[in-house]
Structures are given as structure tokens and as C-alpha cells.
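Q: Sequence first, predicted coordinates after that:
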Amino acid sequence: MSLTSSCFAFKNVSFKFGHCCKQLYLNAYKDYSELKQTFIKYQLKLSTCRMMSSKTMSSSTETGLIVPTFNDKVLSTSVDLNMQLVMEARSIFQTAVNAVLPHQMIWNKLNYDPKKSTLHVDGIEYILNNNLYVVGFGKAVIGMARAIEDKLGDHMVTGVLSVPQGISRALLNAGKQDMLLLPSSKFEVIEGASQNLPDKNAYKAAMEIKRIAMQVSGGDILIVLISGGGSALLPAPEPPVTLDDMLTVTKLMSRAGATIIDLNTVRKQIDILKGGGLAELAWPAKTISLILSDVIGDPLDFIASGPTVPDCTSPQDVLKLFSELGIKDAVPQSVHEVIQRKLQQTSSVSCSPVSQTTEENSRPHDWSHVQNVLVGTNKIACEVAFDKSLDYELLPLILSTEVKGEAREVGELFAVLGKFIAGAFITNSTVNDLESLLKTEYKTTEKNILTKAQIQEISDIVNMAKTSGRSGICIVAGGETTVTVRGEGKGGRNQEMAVAFALKMASRPLPPHVKVIFLSAGTDGQDGPTPSAGAVVSPEFLSLAQTSGLDAADYLDRNDTHTLLSLVDNGSCHVVTGLTGTNVMDLHLLIVKSNSI
Ligand SMILES: Nc1ncnc2c1ncn2[C@@H]1O[C@H](COP(=O)(O)OP(=O)(O)O)[C@@H](O)[C@H]1O
Ligand SMILES: O=C(O)[C@H](O)COP(=O)(O)O
């Protein structure tokens, strides 16, 4: 995947159907973060006043400076500070992950009144009366299904889950019993799609799910649980496309550098259940889709290829993609046949909520029977990380929830930000200083890596820290970078970011008394094909590696960052959580703290 035009900026990615929602979201999010910053300013003023008036809250040095305290312990050595920042980062990450665990999310969203047997979801009321059917597909749906069954099991008729091969055993081994179904469960669980590729088991599960969708009727309620990996776990190729043809197209596109949006555009056009097909089949039953987003920007119609969302793609989009990716001739003939057939059927893309009368089912209906609900997103995790940072007296800033681009380059970018913030603590740095630092220190093919607004936000948060006497800043970000794997090593995008960060930080020593650490980890607990979720490093990581005779740059070049992290300091830099049972992409935390303010 090539580096996008801006790693951090909110991408102006517009889907016809979703664009207006996205703009509303951006406006709301902007208001939210301004509100948050206002709150912080107020809180800071309050605490600064309190601090000035009471000696008990801090210890002062002979020069009268207020030394930052942490849990009433005055920091004495930089080693303490380093270890403390690592502990804080790990705690912030874990707190954020806990907030997007399946049980937490489902219980937050579903308001059930057992006396009235009514279920309220975002203000919409449903009457439960042993009329509930549940299907699910994705890496995190077992935990979601357990939460549903705990809450609404009495009304469940039946349920089917399509989950990754080995996930139940892995969750059991990770001690996540609370995310597994009980022996009395009404769910049928079918494991498949190992390596996230559709297979016969996933196909069997998809057919079972299709059968339930066709079985439900007017008075029934179908809950659909969706999370990352759902596309591969719900393969329902439209004849004459076969499962093998679908596999061929997926592999062809992935190898050609297709994005998840590209992949799912094609999947929606050649699959009966994707692109709203599942909800169409369930009509007139009411469908409630509970969605855990692992796609940047949370586009409902692309997460797991949007089986319950109106489809805004077209057969023309598919042909355009095939030619852009240079795979048109390699695509199976059956796929071209389905695309050509659709070209005849639809003259233009229709995103109207009222779907056309389709010949095979002659059921004219709109989408009022469907409620799509985002229950877990990277944004929620980032906001929890934001709040948790305040507990550690850090001044937080959510820089982006749409981080993308080549992992090592994004890791280096965080290093440049770390250097700027560290320097700004002891000098009067300005926005221009950060812009020039990015130009000189950050050699990348892209020009506007950070938006002007984000550069301004970083400069503002530093000034706010200095004027309020806060000794630390926590930059929170999330998203999903990519790795162009060229070496034979073992690693993942978050481990690559951490090692690249450490290498970049080493190019310029930090001012005395200022410490910088960087944590990058996947919320699903697995970074690449490794048992790590990611890593947390300080600039000292490099000297630790060198004392062990390890060349970090060489390990990075061979995509062998997991091995390197395992060898340095007995693997103490790894972030290991085990499979978490959730998946809202990755979290990045840059913490800069000075013990001289
Ligand atoms: N040795 C490696 N070093 C760095 N990244 C790797 C390596 N091997 C695989 N990857 C990356 O890990 C990605 C898969 O990440 P993973 O966390 O398993 O899945 P998901 O993207 O669903 O979270 C692959 O797309 C690949 O880019
Ligand atoms: O389409 C899907 O399955 C998800 O939206 C993204 O899948 P991934 O987790 O395999 O990228």
C-alpha cells in the first residue's frame, strides 16, 4: 500500500452515501475536541490555582520551582521517569482496550427492560417475544455473542457465528472465559477462514447465515454482529463465481496493493450477502447490526463489506479497479460474467435507501427495517486514552484516528514530533519551528504529512503545558499503517513503528531532564503473525540493542523487529496482552515529560 497523501490528516474520503454523515462526524468531532481542550484549560487553571495556594500538592525546590509530583512521589532520577512513563503508557493502552471489549460495548448500546421485554437501541424500541435470531461474522464476534446471549438469551430462537479458525482455543488460552459461549448456548459456531481467506468452512457458515436471514419473518428481529475479518468469514459468491474464484480475486488484488476499500468494493459486487444483501434477504424482519469498526474512518458500507448497508459501489467501479491494478486479464471469467450482467441491470449507481424492486424477490421496500450501529471504534479507544492520560497529569491531544501509511515512516514522524515537543519544553518553539523540523528531519515522498491544523494543535498543547506548569504531554493517535514486507523476518506494523521511532530519536540527543517514550500496539492483541500486540520504546532502546551487539537498523530492514525486541533487555519492550477479543485497529501514544518544569 503506497503512503497516502497525508498520514494523519482526516482523509477527505467521500462515499456518496456516507459523505454527508462523515462531514457531520468531522464537525461533531471538531466540536468535541475543542470542548475537551476547553475543559482541560479550565481544569488546568483550577489545579494551577490550587497548586499555587497549597504546598501539600507539590514539593518545591530551593529555586521555588514546582517539581511535578506523581502519586505524591517526587521523581528523583531519569531512570525512574523513564520507567514511570512506560508504566503510564501501558496503563493508558490497556484502559483504552478495556473500553472497547465486546461486553462493555454491547452493554453500553443495548438497553433491555426485562419487565416490558423491550429493547432500546439508540432510541429505537423493539418488542422481544422469543423472536430473536442472531448471526455474526468477524474476529471479535464471539465475545459480542456472549454479551448478547447473557442479556437477551431468553428471547433467542437460534444463532450462527462464523469466526476465525482456532479463535475459541486462543481465547481460552488467553484466559478470556468471559468471552466464550456457555455450554448451554443456542449459537452454532463455525470456525474457518484461516489466514483471513475464505474457505469451505466459512462458506458453510455463510450459507447457514443466509438460511436464517431467509427464515425470519415480519415479527422477528435479526441481530447481526460484525467485526474485522468479517468479509472473509461470510463468502457467498454469486454464481457462476465460485469460492475459488473469490479467493483468486482476493489474492490478485492484495498482491497488487489493493486497499481494504478496493477489496470490499469488488467483494460487494460478486457476493450475494455483501453490499446490503443480508439485510435484503431478512426483510421484512427488523435487522439490528452491531458493528465493531476496524476500517479507517468507520465507513459502515465497507466494514466487512457492508452486508446490512445500502451499497454505493457499482460494476463500473470494479472494472476501473481491475484496470488500475493491472489484473483485468487474470481475473476469472466468472467474475467478468457477473460484472457484465450487473452492467446491463443497473444504468447508474443507486445509493437511495429505497432499494429497487429486484426481480428474484419482487419485494419493493426501503431500508427502514435496518438499524446499523457502530458499537466500537478507534475513536472511542482514543477518547478513553485521552481521559486516562489526565489521570497521570499529562496534557493529552488526540492527533488523529485515521493514521495510515508505511509503518516505519509513521514511526519516524512520531520521533520528529517527540523531538520538537522535548525541545519546546525548554525553548520558545513556534509552529514554524515544527514545520521546518518536519521538512529537514522527515525525509518522505509526501509533502503535507500533518495538516496545518494539526501542527497548530501540537504547538498549542506545548504552550498550554508550559503556561500551566504541566510537565507532560500525551499525543494520542490511532489507525492502521501498512508494511511493505521485503525481508524474511518476523514482525508487525506496530513493532516496526516502535523500532523506527527509536532509530530516528537517536539522531539527536534529548535536552536534559526531558524523557520521551512511544507505544504502538494493536487493540486486538496481535501485531502481525507474532504473539506481541506491539512495543513501547524510549530513545535508550538503541543503546540497549547496541550493548547486546544488535544492529537495530538491520533488523528493521529485514522486517525482523519482533526478533530484535525479543532479544533486547529480555523482551521488556514488548506489549503483550494476548488476544483481547476486540479489534478497533491500532493505538499510538507519544508521551513527553520533563522533570524540570
Ligand atoms: N515480518 C513482518 N514485519 C512487519 N509487518 C509484517 C510482517 N509480516 C506481516 N506483516 C504485516 O502484518 C499485517 C497483518 O497484520 P495482523 O495484525 O496480523 O492483521 P490485521 O491487519 O487484521 O490486524 C500484514 O498485512 C503485513 O503487512
Ligand atoms: O472487510 C473486513 O473483513 C473488515 O472490514 C476488514 O478486514 P481486515 O480486518 O481483514 O482488514
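A: Structure received. Ligands and ions are numbered 1, 2, ... in the order given.

Q: mind checking pLDDT for whichever residue of the stretch 351-500 of the chain sits closest to ligand 2?
A: Going by C-beta to the nearest ligand atom, ligand 2 is nearest to residue 480 of the stretch 351-500 of the chain, at 7.8 Å. Every residue, glycine included, has its C-beta placed from N, CA and C. Looking at residue 480, its pLDDT is 94.

Q: can you count the residues close to it?
A: 22 (other C-beta atoms under 10 Å).

Q: again, but for the one 10 residues further on
A: Residue crowding around residue 490 was assessed by other C-beta under 10 Å; the count is 19.

Q: What of residue 241?
A: Around residue 241 there are 25 other residues, counting by other C-beta under 10 Å.

Q: Spatially central residue for this structure, please.
A: residue 585 (2.4 Å; C-alpha atoms, centre = their mean).

Q: got the contact list for it?
A: Residue 585 sits next to 294, 296, 378, 478-480, 522-523 when contact means C-beta atoms under 8 Å, 6 or more residues apart in numbering.

Q: Same check on residue 291?
A: Residues counted as contacts of residue 291 (C-beta under 8 Å, 6+ apart) are 226-227, 300, 303-304, 372-376.

Q: Can you convert those into JSON lines and add a column each for pLDDT, secondary structure and distance to residue 595?
A: Shown next, in JSON lines, are these (pLDDT from 0 to 100; DSSP: H, G, I helix; E, B strand; the rest coil; distance: C-beta to C-beta, whole Å):
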{"residue": "226", "pLDDT": "98", "secondary structure": "strand", "distance to residue 595": "46"}
{"residue": "227", "pLDDT": "95", "secondary structure": "coil", "distance to residue 595": "42"}
{"residue": "300", "pLDDT": "97", "secondary structure": "coil", "distance to residue 595": "46"}
{"residue": "303", "pLDDT": "97", "secondary structure": "helix", "distance to residue 595": "44"}
{"residue": "304", "pLDDT": "97", "secondary structure": "helix", "distance to residue 595": "47"}
{"residue": "372", "pLDDT": "98", "secondary structure": "strand", "distance to residue 595": "48"}
{"residue": "373", "pLDDT": "97", "secondary structure": "strand", "distance to residue 595": "45"}
{"residue": "374", "pLDDT": "96", "secondary structure": "strand", "distance to residue 595": "40"}
{"residue": "375", "pLDDT": "95", "secondary structure": "strand", "distance to residue 595": "41"}
{"residue": "376", "pLDDT": "95", "secondary structure": "strand", "distance to residue 595": "37"}
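
Q: which one among these gets closest to ligand 1?
A: Of the contacts of residue 291, the one sitting nearest to ligand 1 (C-beta to the nearest ligand atom) turns out to be residue 227, at 10.6 Å.

Q: From residue 106, how far off is the closest one?
A: Separation of residue 227 from residue 106 (C-beta to C-beta, to the nearest Å): 12 Å.

Q: Now stretch 375-387 - C-alpha only, CSV.
A: Output of stretch 375-387 as CSV, limited to C-alpha atoms (Å, rounded to 0.1, in the frame of the first residue of the first chain):
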residue,chain,number,x,y,z
VAL,A,375,-20.6,-0.1,18.9
GLY,A,376,-16.8,0.1,18.9
THR,A,377,-14.4,2.4,17.1
ASN,A,378,-10.8,3.5,17.2
LYS,A,379,-12.2,7.0,18.2
ILE,A,380,-13.8,5.6,21.3
ALA,A,381,-10.5,3.9,22.3
CYS,A,382,-8.6,7.2,21.6
GLU,A,383,-11.0,9.2,23.7
VAL,A,384,-10.6,6.8,26.6
ALA,A,385,-6.8,7.1,26.2
PHE,A,386,-7.2,10.8,26.2
ASP,A,387,-9.2,10.7,29.5
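
Q: quick check, that stretch touching ligand 1?
A: No: shown here: stretch 375-387 not in contact with ligand 1 (C-beta under 6 Å from any ligand atom), separated by at least 12.2 Å.
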